[in-house]
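Asker: no sequence on this one, just coordinates:
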């Protein structure tokens, strides 16, 4: 049995939930388990969490570009298998910073063969026309998968230990493997140019505007996603208030809000124009980050509403950025354009996770409100680079 039409979109979204189940295990257990057990500084913890994004960044140019030459489904199968294997190896063998970095990098390499190749496998199987909503559904299901990852990994770690969180979530990528078996085969377009020739992508100023904007988005997203549990743990311990809004609940809700936010953001982009809508979202996100930073020593009942608003502004540009990239890409180089998109995005993801850790160390440590204020200022500065990238591309090329 093979899938067709809308069934392909639904199946790929479900498969992505499985691929993402191991995605934030490290950030989820960082504050409660790995930092105290392995005696990590903030910079070391950021390096450990960012290793997955670094492994992704180093391999996605080749893997995504290959989808212009072979059916992306084949790469998706290999990536999903490696994603599961790396997660399993972390749970069994990781014993300190550098072994953790190594195994988390393997997970990132596996995910590099799953996320953008998965998007290419999806778009290759869609009928001609505007694929914006299908792409946004796929990218926004990323957030639902991250929410499930936060929830499952923290609950399992608290019940059976942190190694069990990796062993359980390693099952997730198998779901994507099953979906791959149901996808109809497709023939890629004839190869154009050399495999890793990104010159045609760099010359496409419209697409590059979305790529660079996505980098700013990823810096902010992975910066807060890596340190969210640690931040809310700091808030709860500082104020000592018993509440249903535990770090588990806050991290899961933060992630789940991203899916409707991304969908709504793309709809606003379709109505008001991508550049205008994305710029408004990014500016709003910077303002909210600054408000959280200056309120880092205030009551959780003041911070919680701000954090929930931030949960909406951070991902609201994601779907619009990625669908804008795919629509403005030359079809002959769509895989290479996706490779550039992911390389820039996950490079800055790794920098965001690590950079916030360095900032926390430099400003007094994660038990200091001033350090968290500095961290959120850095997040705001990062996302403000996005509107600059969009302005540059708009000056160079017509809007999409």
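Answerer: Happy to help now that I have it. The structure displayed is predicted, hence computed values, not measured ones. Numbering: from 1, shown residues only.

Asker: low-confidence ranges in the stretch 301-400 of the chain?
Answerer: Residues of the stretch 301-400 of the chain meeting the criterion pLDDT under 70: 395-400.

Asker: What of the stretch 51-200 of the chain?
Answerer: Using pLDDT under 70, the stretch 51-200 of the chain drops low at 128-132, 188-193, 195.

Asker: where along it do the helices fall?
Answerer: Listed in chain order, the helices of the stretch 51-200 of the chain (DSSP state H, counting those that start in this stretch) span residues 72-93, 97-112, 115-123, 132-160, 162-169, 173-182, 199-203.

Asker: Deepest-packed of those, please.
Answerer: Among the helices of the stretch 51-200 of the chain, helix 115-123 has the highest mean neighbour count (mean count of other Cβ atoms under 10 Å), at a mean of 27. (Each C-beta comes from the backbone N, C-alpha and C, glycine too.)

Asker: chain center to it, what's the gap?
Answerer: Between the centre of helix 115-123 and the centre of its chain there are 15 Å (Cα atoms, centre = their mean, to the nearest Å).

Asker: what's the angle between that helix and helix 72-93?
Answerer: 150 degrees (axes from the mean of the first three to the mean of the last three Cα atoms, to 10 degrees).

Asker: could you say what helices and strands helix 115-123 packs with?
Answerer: In this structure, helix 115-123 packs against helix 6-20, helix 42-66, helix 72-93, helix 132-160, helix 318-328, helix 334-362, with contacts taken as 3 or more Cβ pairs under 8 Å, 6 or more residues apart in numbering; DSSP states H and E.

Asker: and if we set it to 6 Å?
Answerer: helix 72-93, helix 334-362 (3 or more Cβ pairs under 6 Å, 6 or more residues apart in numbering; DSSP states H and E).

Asker: tell me the contacts of residue 350?
Answerer: Each residue near residue 350 by Cβ atoms under 6 Å, 6 or more residues apart in numbering is listed here: 50, 53-54.

Asker: which of these count as buried?
Answerer: Listed as buried from these are 50, 53-54; burial here means 16 or more other Cβ atoms under 10 Å.

Asker: can the helices and strands packed on helix 115-123 go into a markdown table with extra columns for distance to residue 15?
Answerer: Formatted as a markdown table, the helices and strands packed on helix 115-123 follow (distance: least, Cβ to Cβ, whole Å):
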| stretch | distance to residue 15 |
| --- | --- |
| helix 72-93 | 8 |
| helix 334-362 | 17 |
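
Asker: so what's residue 228 closest to, chain neighbours aside?
Answerer: residue 251 (5.3 Å; Cβ to Cβ, 6 or more residues apart in numbering).

Asker: Contacts for the host helix or strand of the one you found, please.
Answerer: In this structure, residue 251 is located in helix 247-256 according to DSSP states H and E. The contact list for helix 247-256 (Cβ under 6 Å, 6+ apart) reads 143, 146-147, 150-151, 154, 228-229, 232-233, 311.

Asker: Using neighbour counts, pick out the buried residues of it.
Answerer: Under 16+ other Cβ under 10 Å, the buried positions of helix 247-256 are 247-248, 250-256.

Asker: Pull the distance from the helix or strand that it is followed by to the chain's centre.
Answerer: Going down the chain from helix 247-256, the next helix or strand is helix 258-272, by DSSP H and E. Centre-to-centre, helix 258-272 and its host chain are 17 Å apart (Cα atoms, centre = their mean).

Asker: Helix 258-272 to helix 132-160, inter-axis angle?
Answerer: Computed by the same axes, to 10 degrees, the angle between helix 258-272 and helix 132-160 is 160 degrees.

Asker: what's next to the helix or strand following helix 258-272, contact-wise?
Answerer: Counting by DSSP H and E, the next helix or strand C-terminal to helix 258-272 is helix 274-294. Residues from elsewhere that reach helix 274-294 (Cβ under 6 Å, 6+ apart): 265, 268-269, 306, 309-310, 313-314, 316-317, 320, 324, 373, 376-377, 379-380, 383-384, 386-387, 390, 394, 399-400.

Asker: which among the residues you listed end up buried?
Answerer: Buried among these by 16+ other Cβ under 10 Å: 265, 268-269, 306, 309-310, 313-314, 316-317, 320, 324, 373, 376-377, 379-380, 383-384, 386-387, 390, 394, 400.

Asker: buried stuff in stretch 28-39?
Answerer: 28-35, 38.

Asker: What about the contacts of helix 274-294, which are in helices?
Answerer: Counting by DSSP state H, the contacts of helix 274-294 place 265, 268-269, 306, 309-310, 313, 320, 324, 373, 376-377, 379-380, 383, 386-387, 390, 394 in helices.
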